[in-house]
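Give me the fold of what follows.
(one chain, ligands or ions: 1)
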Amino acid sequence: MIKLVDGEDFTIHILNNICFVTFSSPSTRNAISLRMSAVMQEISWKSENNISIFEKFLKENNCFLIIVQSTVRGIFSSGGNLSDLKNGSKELCQNYASSIKAFCEILHSCSIPSVTLLAGPAYGGGAELALATDFRWSIGKKSDLHFTQMRFGIPAGWGGMQRLSELCPQLSPKKVSAIIVAKMSLLYDQLIRLNLIDRSFLNIKSCIKALNEWRDEIELSPSDVRYDLMQRHKINDAYQLQEYDIKIFDKYFLNLEHKNRIDNFFAKRNKNAE
Ligand SMILES: CC[C@H](C(=O)O)C(=O)SCCNC(=O)CCNC(=O)[C@H](O)C(C)(C)COP(=O)(O)OP(=O)(O)OC[C@H]1O[C@@H](n2cnc3c(N)ncnc32)[C@H](O)[C@@H]1OP(=O)(O)O
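This next block holds a predicted model:
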């Protein structure tokens with residue numbers, strides 16, 4: 001296990017090429033504290049070569065997947081830490097939201113697939129954190145997202161409003177605003193219908209099995225093809241993306257690796273047929 005963050009209630013470590021971002025604060029139902037936000041700020045800050053400490057950690061340790069998870073039974077995260085925000089000075093809190101937002105941004109903008117494991121509900125910024133990853137996998141059916149920010153008189157501040165429209169084009173900016181204003185909850189069945197939950201599992205064991213299978217498939221893929229494929233999200237223009245897809249297909253079609261894998265396919269079939 002390789003550790004980047006080793007706090008009591010917030011850890012980031014890599015094990016078997018999977019990066020686990022873990023929240024473990026039962027006393028606050030995984031509220032994101034000022035201290036957590038300070039750590040997020042430090043590891044998300046992009047240095048002169050435009051790479052953050054977090055991204056450097058992922059790259060140097062050959063990370064295949066990023067998992068965001070809670071170890072607190074019955075909840076993913078209760079969002080902003082209301083006690084810290086109540087008692088914290090203005091200067092202490094001034095970078096709070098932007099730090100968390102920067103960390104959330106890396107989760108879906110970096111070239112490694114990320115997934116939030118939702119075994120319980122999320123509230124306010126906690127719902128935004130759950131939306132920050134590429135995928136959401138539910139364990140059980142308690143994975144509701146409660147947009148409670150306006151209960152405290154503020155809009156969402158960790159990038160969640162934009163992410164909702166990105167992940168669900170049918171949720172226009174106006175509809176997202178209406179959801180936030182009304183402090184709406186998106187319950188499990190609605191999240192499934194909106195494709196905001198990508199896979200659902202009955203228990204943690206089947207979820208971990210699926211994660212390990214995913215990791216193994218990534219490891220079996222040729223690293224050069226994997227790298228080129230995982231750059232696609234950086235191309236916003238549809239025509240340029242089409243051109244890029246043609247270029248990378250032609251780059252690998254019938255190369256030595258492609259031919260070897262075709263040979264292996266038939267060799268395995270012939271062996272099984274014997
Ligand atoms: C832009 C984001 C925005 C911001 O940063 O300002 C926000 O995210 S605002 C916060 C949005 N969060 C919420 O609306 C959730 C508030 N919490 C609750 O509704 C409940 O606590 C709930 C549903 C999460 C859990 O309810 P449950 O009955 O299971 O537990 P308790 O309510 O008794 O709480 C247990 C314990 O946790 C503390 N707690 C809970 N939420 C927070 C929080 N967000 N910040 C700090 N502490 C929190 C609660 O105070 C209890 O501690 P105790 O010492 O026993 O009083």
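
The ligand contacts on the stretch 51-200 of the chain?
Counting by C-beta under 6 Å from any ligand atom, the stretch 51-200 of the chain comes close to the ligand at 78-83, 85, 97, 123-125, 148-149, 151-152, 154, 156-158. Yep, even glycine has a C-beta here, placed from its N, CA and C like the rest.

let's see 5 Å
78-83, 123-125, 148-149, 157 (C-beta under 5 Å from any ligand atom).

Buried subset of those residues, written for PyMOL?
Buried subset of those, written as a PyMOL selection, criterion 16 or more other C-beta atoms under 10 Å:
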select buried, resi 78+79+80+81+123+124+125+148+149+157
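
tell me the secondary structure for S138?
Following DSSP: H, G, I helix; E, B strand; the rest coil, the label given to S138 is strand.

who does it bridge with?
With DSSP bridges as the criterion, S138 is bridged to L118, S200.

same thing with H13?
K3, F20.

tell me the contacts of the residue of the stretch 51-200 of the chain found nearest the ligand?
Nearest residue of the stretch 51-200 of the chain to the ligand: G80, at 2.1 Å (C-beta to the nearest ligand atom). Taking C-beta atoms under 8 Å, 6 or more residues apart in numbering as the criterion, G80 is in contact with 31-32, 96-97, 124-125, 152.

If we use 6 Å, what do you get?
124-125 (C-beta atoms under 6 Å, 6 or more residues apart in numbering).

And for F57?
So F57 contacts L4 (C-beta under 6 Å, 6+ apart).

State the pLDDT value of it.
At F57, the model reports a pLDDT of 97.

where along this structure do the strands fall?
2-6, 10-15, 18-23, 65-70, 114-118, 122-123, 135-139, 145-146, 185-186, 199-201 (DSSP state E).

model confidence over the fifth one, on average?
Summarised as a single mean, pLDDT over strand 114-118 is 98.

what's the spacing between that strand and its chain's center?
6 Å (C-alpha atoms, centre = their mean, to the nearest Å).

Tell me the helices and strands packed up against it.
strand 65-70, strand 135-139 (3 or more C-beta pairs under 6 Å, 6 or more residues apart in numbering; DSSP states H and E).

Adding mean pLDDT as columns, could you present those strands in CSV?
Formatted as CSV, the helices and strands packed on strand 114-118 follow (pLDDT from 0 to 100):
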stretch, mean pLDDT
strand 65-70, 98
strand 135-139, 98
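
Thank you, goodbye.
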